[in-house]
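Engineer: based on what follows, work out the 3D shape:
(2 chains)
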Amino acid sequence: QSALTQPRSVSGSPGQSVTISCTGTRSDVGNYNYVSWYQQHPGKAPKLMIYDVTKRPSGVPDRFSGSKSGNTASLTISGLQAEDEADYFCCSYAGTYTFVFGGGTKLTVL
Amino acid sequence: EVQLVESGGGLVQPGGSLRLSCAASGFTFSSYWMSWVRQAPGKGLEWVANINQDGREKYSVDSVKGRFTISRDNAKNSLFLQMNSLRAEDTAVYYCARAVGTTEFDYWGQGTLVTVSS
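Structural biologist: Got it, this is the predicted structure:
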């Protein structure tokens, strides 16, 4: 049950696109299409942004998109806005009703 | 509106016990898996435990096995986490989250802080 690997930080200017990677193993990310992404602003609860690798919950802007290749999932945010500045965490189903999260990535909007 | 409200956190000495509660409203509580997820200060999220709709299936991360017990009371729309033999490394904000089966956590509470220190 090792944590998924994410870059500690990424940054981009308003209007640009950024991609956050999330690397796991064949036991989690590589074996299931159950990767989700969460946005967390300081002092707030996490918010679901992407589930089942590519799906967006109602109310999440289509600027947010997800993908997966092999053992690595990615979250792409296009048309960056100031309010996107937050921490982002990936999560994968790891079998037998267990889950593993990534260490988190701090997104800075320059 | 879905609401999850945690309570029961606080300061406890190493080796001590604490029971967290989560009051759920705005949805049919008995129809969902529920989970606890924690976040140590300045750190990432860590899935702790989850429980199925009728409380018969329970799963937890290895680091809390034998010490933490998740349970639920569907009549009271409540989720619990009994934490025994607490360690300094259990210090974290504990979130209650609604789990959609094996896929994601779609609603989260605001969290309750547990501090294990002498």
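Engineer: got the residues of chain A near chain B?
Structural biologist: Taking C-beta under 8 Å from any C-beta of the partner chain as the test, the list of chain A residues beside chain B reads A:1, A:3, A:32, A:34, A:36, A:38, A:44-48, A:51-52, A:57, A:89, A:91, A:93, A:96-104. (Glycine included, C-beta is placed from N, CA and C.)
Engineer: beta partners for residue A:48?
Structural biologist: Each beta-bridge partner of residue A:48 is listed here: residue A:38, as defined by DSSP bridges.
Engineer: per-residue confidence for it?
Structural biologist: The confidence metric pLDDT takes the value 97 at residue A:48.
Engineer: any idea how many residues pack against it?
Structural biologist: The local packing of residue A:48 (other C-beta atoms under 10 Å in any protein chain shown) involves 22 other residues.
Engineer: now do it against residue A:64, distance only.
Structural biologist: Computed as C-beta to C-beta, to the nearest Å, the residue A:48 to residue A:64 distance reads 11 Å.
Engineer: identify the contacts common to the two.
Structural biologist: Both residue A:48 and residue A:64 are in contact with residue A:37, where contact means C-beta atoms under 8 Å, 6 or more residues apart in numbering or on different chains.
Engineer: using PyMOL, define a selection of the buried residues within the residues of chain A next to chain B.
Structural biologist: For selection in PyMOL, the members of the residues of chain A next to chain B meeting the burial criterion (16 or more other C-beta atoms under 10 Å in any protein chain shown) are listed in this command:
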select buried, chain A and resi 3+32+34+36+38+45+46+47+48+51+52+89+91+93+97+98+99+100+101+102+103+104
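Engineer: need the longest strand for chain A.
Structural biologist: When chain A is scanned for its longest strand (criterion: DSSP state E), the result is strand A:86-93.
Engineer: for stretch B:7-27, measure first residue to last.
Structural biologist: 19 Å (C-alpha to C-alpha, to the nearest Å).
Engineer: mind listing the strands for the chain?
Structural biologist: All of this is about chain A. Going by DSSP E, chain A shows strands at A:9-12, A:18-23, A:35-40, A:47-50, A:64-69, A:72-77, A:86-93, A:99-101, A:105-109.
Engineer: that's the other chain; I wanted chain B
Structural biologist: Assignment of strands within chain B using DSSP E yields the ranges B:3-7, B:10-12, B:18-25, B:33-39, B:45-51, B:58-60, B:68-73, B:78-83, B:92-100, B:104-108, B:112-116.
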